[in-house]
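K.L.:
A structural model of the following input is requested.
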Amino acid sequence: MRHPIRATLLACLLACACQSSEVDVDAGGSGGATGTGGSTGTGGQSGLMGTGGTVGTGGVTNTGGSTGTGGVTNTGGTGGKGGQGGSIGTGGAVTTGTGGATGVAGKSGAGGAGAAGRSGTGGAGGATPSCSTPPPASALVGWAAVSGMGVTTTTGGGTATPQTVTTESALTSAAGGTGAAVIYVKGVLAAGKINVGSNKTIVGLCGAEIHGHLGLGGSSNVIIRNIKIVGYGVGNCALDPDYDSSVGCSSGNDAVTVNGASHHLWFDHCDISDGTDGNLDITNGSDFVTVSWTKFHYTNRSDNSGNDSTGAEGHRFSNLIGADDGLAIDVGHLNVTWHHDWWADNVNQRMPRTRAGKIHLFNNLFTATGDSYCTNAGDGTHLLVESNVYSGVKAPLQPDSDGDMLAKNNIFTNTSGTTTANGTGFSPTYSYSADAASGVQAAVQAGAGPQ
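P.N.:
I've put the predicted structure just below:
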């Protein structure tokens, strides 16, 4: 036999539940105050919906009470941490859930103290980075750590007090001269030509980008790291202010140029792309250079004008070492180490193209599908190519007759063309440890570029 009082009460509860469904989420939690009779499940006025209590844990998900299945457990009443409603779910102790008695706290879990949002849509991400301190540098390995030309090793600006710049003109001013400076770059700088003097550390903060052209001519002891450098030729060489249509893309600027016998330079965790001529070219007697954990790529383009036109190849020629064969200034120089670098989208060739120096490539990744060739040993050079991964590319190795290349422990996957080179190479005088090639692709794809 149905108890008349209980039937009446049930009808009231159903009416209240219908009314409560349109209440603004910020009103949550007020119903919980009546949930004192937890043993009968008649406590919360809106408990039938089971919408409260279980959430309010910082607003991270607020998944609680979304089903309102009779309050089977609805322990959320005890967990309204930060949720005004959840904290008073006194009816939550009932496990029978006969009337949805539990979960009376919070009509829609609105109480969540998660800083970001109503109904659990917020609480995402937590505190944002301060963008005031860069990540730590990698360990310096390779030619940039070797003593020579009056410099013991590469230290950049050393312990100089950091200064932060946010414009191209401010960077130009701070980077000039030979005084020691540590320069933090913040934001996306307007395109321009920036010359970097000696004894400088330039570090990107929080997604910083330099656009246009970065030049190091006759500079020494420079560190450039954790920054994106974008050349003028993004999809179109004619965007370069120095582009000459009678010549073609090669008339424009590199994204980064190293020349004039610059030495002791370290590029670390950079992303360098869309140089009109090259991405990072090292020429004219420069020496003691390390390029580590850096990604090279291009926006697709063609080069259909001028006497130096390359047509569909688009002069997407990433890295040149040595401007020409037989230059006296290069003899005994152009020594460069490349490790944990990534030649990626739309690079056509020069990964790198080398002359004269002792060039060491280890633990690099090549995925530039559609390329002409990857690694070249040109006039008078000695290459050691070890524990790299070439994936989906053509002509991984190009050991010219006038160059010398020793290749060992490399992995070639879905490649075509030459994969062997039996020269003598050279033995590095610096300490290093090459990782097994089997782990290189995952490590480089996760770690190359700004952090």
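K.L.:
where in the protein is the helix or strand with the lowest mean pLDDT?
P.N.:
Lowest mean confidence among the helices and strands of the chain (mean pLDDT, DSSP states H and E): helix 4-20, at a mean of 35.
K.L.:
for the following helix or strand past it, packing partners?
P.N.:
Downstream of helix 4-20, the first helix or strand assigned by DSSP states H and E is strand 163-165. The contact analysis (3 or more C-beta pairs under 8 Å, 6 or more residues apart in numbering; DSSP states H and E) places strand 163-165 against helix 168-175, strand 181-188. Heads up, the C-betas are built off the backbone N, CA and C, glycines and all.
K.L.:
tell me the most buried of these?
P.N.:
Highest mean neighbour count among these (mean count of other C-beta atoms under 10 Å): strand 181-188, with a mean of 20.
K.L.:
now the angle from it to helix 168-175?
P.N.:
Orientation check (axes from the mean of the first three to the mean of the last three C-alpha atoms, to 10 degrees): strand 181-188 against helix 168-175 gives 170 degrees.
K.L.:
for the next helix or strand after strand 181-188, buried residues please.
P.N.:
Downstream of strand 181-188, the next assigned helix or strand under DSSP H and E is strand 192-195. Residues of strand 192-195 classed as buried by neighbour count (16 or more other C-beta atoms under 10 Å): 192, 194, 195.
K.L.:
residue ranges of the strands in the stretch 201-350 of the chain, please?
P.N.:
Counting by DSSP state E, counting those that start in this stretch, residue ranges of the strands within the stretch 201-350 of the chain are 220-225, 228-231, 256-259, 263-268, 271-273, 280-282, 287-292, 295-297, 336-339, 342-343.
K.L.:
adjacent strands (with direction) for the first one?
P.N.:
Yep, that's strand 220-225 we're talking about. strand 200-217 (parallel), strand 263-268 (parallel) (DSSP bridges).
K.L.:
mind listing what's buried in the longest one?
P.N.:
So the one you mean is strand 200-217. 200-206, 208, 210-216.
K.L.:
and what of stretch 329-349?
P.N.:
329-330, 333-349.
K.L.:
show me how far that stretch is from its chain's centre.
P.N.:
21 Å (C-alpha atoms, centre = their mean, to the nearest Å).
K.L.:
restricting to C-alpha, output it in CSV.
P.N.:
What follows is stretch 329-349, C-alpha atoms only, in CSV (Å, rounded to 0.1, in the frame of the first residue of the first chain):
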residue,chain,number,x,y,z
ILE,A,329,90.5,31.1,-47.5
ASP,A,330,88.8,27.8,-46.8
VAL,A,331,91.9,25.6,-46.5
GLY,A,332,92.1,24.2,-43.0
HIS,A,333,88.7,25.7,-42.0
LEU,A,334,85.0,25.0,-42.5
ASN,A,335,85.0,22.5,-39.7
VAL,A,336,81.4,21.9,-38.6
THR,A,337,79.5,19.4,-36.4
TRP,A,338,75.9,18.6,-37.1
HIS,A,339,74.1,16.5,-34.5
HIS,A,340,70.4,15.7,-33.7
ASP,A,341,69.3,18.0,-36.5
TRP,A,342,66.3,17.4,-38.7
TRP,A,343,66.0,18.1,-42.5
ALA,A,344,62.3,18.0,-43.0
ASP,A,345,59.5,19.3,-45.3
ASN,A,346,60.3,20.5,-48.8
VAL,A,347,64.1,20.6,-48.5
ASN,A,348,65.4,19.7,-52.0
GLN,A,349,69.1,19.3,-51.4
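K.L.:
and residue 248, what does it touch?
P.N.:
237, 303, 305, 306, 307, 308, 309, 310, 315 (C-beta atoms under 8 Å, 6 or more residues apart in numbering).
K.L.:
wait, isn't residue 278 in contact with residue 320?
P.N.:
Yes. Using C-beta atoms under 8 Å, residue 278 makes contact with residue 320 at a distance of 5.3 Å.
K.L.:
quick one, which of the buried residues of strand 200-217 has the minimum pLDDT?
P.N.:
In terms of pLDDT, the lowest of these is residue 206, showing 93.
K.L.:
where's that residue relative to residue 229, distance?
P.N.:
16 Å (C-beta to C-beta, to the nearest Å).
K.L.:
got a markdown table for the buried residues of strand 192-195, with pLDDT too?
P.N.:
Output for the buried residues of strand 192-195, formatted as a markdown table (pLDDT from 0 to 100):
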| residue | pLDDT |
| --- | --- |
| 192 | 98 |
| 194 | 98 |
| 195 | 98 |
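K.L.:
which one of these sits closest to residue 172?
P.N.:
residue 194 (5.1 Å; C-beta to C-beta).
K.L.:
got the contacts of residue 248 as TSV, with neighbour count columns?
P.N.:
Shown next, in TSV, are those (neighbours: other C-beta atoms under 10 Å):
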residue	neighbour count
237	30
303	23
305	18
306	18
307	10
308	14
309	17
310	19
315	26
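K.L.:
report the two of those residues separated the most.
P.N.:
237 and 307 (14.1 Å).
K.L.:
show me the domain layout of the protein.
P.N.:
Under automatic domain parsing, the residue ranges defining each domain of the chain are 4-120, 143-447.
K.L.:
single out the most deeply packed of the ones you listed.
P.N.:
Of the domains of the chain, the one with the most neighbours on average (mean count of other C-beta under 10 Å) turns out to be domain 4-120, with a mean of 22.
K.L.:
please consider this matter closed, and thank you.
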